[in-house]
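K.L.:
coordinates only, sequence not included:
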RNA sequence: GGAGAAGUGGCCGAGUAGGUUUAAGGCGGCACCCUGCUAAGGUGUUGUGUGGAGUAAUCUGCACCGAGAGUUCGAAUCUCUCCUUCUCCGCCA
C-alpha cells in the first residue's frame, strides 16, 4: 500500500512512476476521494465534540434535578446528523482503502523502464553451459524412464499439473529441501520457520495477494482460509500488527513449504514436466529490515540464492526485471534463471524482490526508532532460495550423461546417500 | 463438536445498578534531581491511529478497553453476532 500522505504531497511524481508499470495506472481518483474524506471527517469530528460536551452537561443537569428534555432532543437531532456523516465517512474510507490496496507499488528509480519482459536487463551469466555430443533428454522423459516421478497417476489422484514423486525421486526432492535449509541456516544466518500453509484473508492482504489476485489462489469452502501460493505470505506476516525493537532488525527467516497456485491464465504453458505445477515445493528467504539497509540486504539475499546455484554447479543468469514485469508489490526485482537444456534457454528458478514499506504498510509491521522513539514501517524482502521442483528438473537435465544416468551434484550426496541416478 | 469462565494501555491490575474515567494504582521505560560511586530514594513524563492550524518546534480535535453491529442525550460498563484464550466433556495423530 502506498502512503496516502506521499500521494497527497507528490501526486505528479507518483503518477509518473506508476505509468512506468502501466500507462493506465493513476492515483487521481484516490486523491479526489481523499479530499472529500477529510472534509467529511472534519465535520463529523466537530459534531462529535459538541455531542460529547452536551451529553456531559445533561448528566450534570440531571444530578441537579433540572429538566433536560429540550437539550436531549437537540442532541438527538445532532446524533442523527452524525450518523449520516459517519456512514459517508465509512463509505469514502473503504472506497479509498480498496483503491489503495489495489494500486501496485511504485518502481524503484533503478528498475529498468519498459512495459514487458522483453525489457528485462541481463545482469550477469555464471557457470558454463555444458557442451555435449549426445541428445539431451527433457527431465520429464528421464523421470518417466527411471520411474521417479509419475505424472499420470498424479493427474489421476488430483488433476492436471499434479505429480507424484516415487522412490529416488521422492528422496532427491527431500534431499534438495534439506540442503537448501542447511545452507541458509548454517552459512547465511537465517532462522528456520515452518509456518501454516493455510492462512486467512488478512494475511493474504498483508503481502498483496488480496484483494486483486483472489483468482490465483485456492480457497477453502466455508472458511476464511486460503492455501498459500508461497511461504512469503505466512512468514512476512509473522510480525504483522507488531512494533519491533530496532535492535531486533534485520530479521532473516527461511522456510520450506509446499506452494499452491491455480495458474489461472497459464493454460498451455509449460504443460510437460515439473516446471509449472499446482503444488510445488519451495524454500523461501524473507527479511525484515530498516529502510536504510534494504538495498544492501536485497543484494545479499540475491547472493544467498545465487550461492545455492553455484554450489550445485548449475549455470544461471541474473536478470533485472523491468517496470512492466515486476510483481504488484515489488519496487525492484531480480530473477535468477537456471539453464534448462529442454527449453534451450534459461528458466526462472528464483525471484528476489525488495518491497520497500509497501507490504509493511499493509501488514502494519513496524519498528521503534532508537533515535526518535517513533514507530517506522520496516522494509520487507524475499526471494526463492530456491524453487525445489525446478532445481530437481535442472539437475536431471544438466547432469545427465550419454549412458542415460544422472550424476548427483557433490553437495547433495550426503543428503541422498547415493550419487548416481 | 458440547458446557462453563474470561478478554482493559509495554506488563500487572482497578473500574460493570450507564454520566467530571478526558481509564485509578502499581511495575517497567525515559528525563532530571539527590548521593563520592553503587544500591536505595525523589520529581516529572509515558500508547496507537486519523484530521485541523503552523515554515517549524509545537498546539489542537476525533477515535481506540478482543472485533463488528445495536440500545441511549450519553457505553469499558447494557443487548446481539463473531474471534481468541482457559477449564471440563467428547473425538482424534
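P.N.:
Looks like it arrived, so ask away. Bear in mind that the values here come from a model prediction, so they are computed numbers and not experimental data.
K.L.:
any idea how far residue A:349 lies from residue A:336?
P.N.:
6 Å (Cβ to Cβ, to the nearest Å). Using the backbone N, CA and C atoms, a C-beta is placed for each residue, glycine as well.
K.L.:
overlap in contacts of those two?
P.N.:
Counting by Cβ atoms under 8 Å, 6 or more residues apart in numbering, the common neighbours of residue A:349 and residue A:336 are A:309, A:316, A:384, A:386.
K.L.:
hmm, stretch A:34-44 in reach of RNA strand B?
P.N.:
Yes - judged by Cβ under 7 Å from any atom of the strand, stretch A:34-44 comes into contact with RNA strand B through A:34, A:38, A:41, A:42, A:44.
K.L.:
for the strand or helix carrying the second one, packing partners?
P.N.:
I take that to be residue A:38. Counting by DSSP states H and E, the element that carries residue A:38 is helix A:28-63. Helix A:28-63 is packed against helix A:4-9, helix A:11-21, helix A:69-102, with contacts defined by 3 or more Cβ pairs under 8 Å, 6 or more residues apart in numbering; DSSP states H and E.
K.L.:
how far off helix A:11-21 does it point, in degrees?
P.N.:
For helix A:28-63 against helix A:11-21, the angle by axes from the mean of the first three to the mean of the last three Cα atoms, to 10 degrees is 130 degrees.
K.L.:
in chain A, which spans are helices?
P.N.:
A:4-9, A:11-21, A:28-63, A:69-102, A:139-146, A:151-157, A:167-182, A:201-207, A:232-236, A:294-312, A:358-363, A:388-398, A:410-416 (DSSP state H).
K.L.:
which elements pack onto the first one?
P.N.:
The criterion is 3+ Cβ pairs under 8 Å, 6+ apart, and the helices and strands that helix A:4-9 contacts are helix A:28-63.
K.L.:
from the shared contacts of residue A:349 and residue A:336, which land in strands?
P.N.:
Among those, the ones falling in strands (DSSP state E) are A:316, A:384, A:386.
K.L.:
please name the nearest non-neighbouring residue to the second one.
P.N.:
Closest residue in space to residue A:384, ignoring its immediate chain neighbours: residue A:350 at 4.0 Å, by Cβ to Cβ, 6 or more residues apart in numbering.
K.L.:
circling back: buried ones in the helix holding residue A:38, by neighbour count?
P.N.:
Going by neighbour count (16 or more other Cβ atoms under 10 Å), the buried part of helix A:28-63 is A:30, A:31, A:33, A:34, A:37, A:40, A:41, A:44, A:47, A:51.
K.L.:
so how far is RNA strand B from residue A:232?
P.N.:
According to Cβ to the nearest atom of the strand, to the nearest Å, residue A:232 and RNA strand B sit 23 Å apart.
K.L.:
swap in residue A:46?
P.N.:
To RNA strand B, residue A:46 is 6 Å away according to Cβ to the nearest atom of the strand.
K.L.:
now that residue: how far from residue A:77?
P.N.:
Counting by Cβ to Cβ - residue A:46 and residue A:77 are separated by 15 Å.
K.L.:
kindly report the same for residue A:412.
P.N.:
Per Cβ to Cβ, residue A:412 is found 77 Å from residue A:77.
K.L.:
more neighbours: the two, which one.
P.N.:
More neighbours surround residue A:412 than the other of residue A:412 and residue A:77, with 19 against 10 (other Cβ atoms under 10 Å).
K.L.:
ok and the residue in the stretch 251-400 of chain A nearest RNA strand B?
P.N.:
Of all residues in the stretch 251-400 of chain A, residue A:375 sits closest to RNA strand B, at 4.9 Å by Cβ to the nearest atom of the strand.
K.L.:
close enough to count as contact, that residue and residue A:364?
P.N.:
No - between residue A:375 and residue A:364 there is no contact under Cβ atoms under 8 Å: 9.6 Å.
K.L.:
give me the number of residues near residue A:18?
P.N.:
A count of nearby residues for residue A:18, using other Cβ under 10 Å, gives 21.
K.L.:
for residue A:294, same thing?
P.N.:
When neighbours are counted by other Cβ under 10 Å, residue A:294 registers 25.
K.L.:
show the contacting residues for it.
P.N.:
A:354, A:356, A:379, A:381.
K.L.:
most widely separated two among these?
P.N.:
Distances among those were taken as Cβ to Cβ; the most separated pair is A:356 and A:381, at 9.3 Å.
K.L.:
which one's more surrounded, those two?
P.N.:
Higher neighbour count among residue A:356 and residue A:381: residue A:381, with 30 against 24, using other Cβ under 10 Å.
K.L.:
which residues touch the more buried one?
P.N.:
A:286, A:287, A:288, A:289, A:294, A:297, A:298, A:301, A:352, A:353, A:354, A:355.
K.L.:
apart from its chain neighbours, what residue comes closest to it?
P.N.:
Once flanking residues are discounted, residue A:381 sits nearest to residue A:287: 4.3 Å by Cβ to Cβ, 6+ apart.
K.L.:
with residue A:277 instead?
P.N.:
Leaving aside its chain neighbours, residue A:277 sits nearest to residue A:161 (5.1 Å; criterion: Cβ to Cβ, 6+ apart).
K.L.:
quick one: the one you found and residue A:263 touch, right?
P.N.:
Yes - contact criterion Cβ under 8 Å: residue A:161 and residue A:263 qualify, at 6.6 Å.
K.L.:
overlap in contacts, these two.
P.N.:
With Cβ under 8 Å, 6+ apart, residue A:161 and residue A:263 have common neighbours A:276, A:278.
K.L.:
run through the bridge partners of the residue in the stretch 101-250 of chain A that RNA strand B sits nearest to.
P.N.:
Going by Cβ to the nearest atom of the strand, RNA strand B is nearest to residue A:243 of the stretch 101-250 of chain A, at 6.8 Å. Beta bridges link residue A:243 to residue A:366, judged by DSSP bridges.
K.L.:
show me the contacts for it.
P.N.:
Contact analysis of residue A:243 by Cβ under 8 Å, 6+ apart lists A:366, A:367, A:368, A:375.
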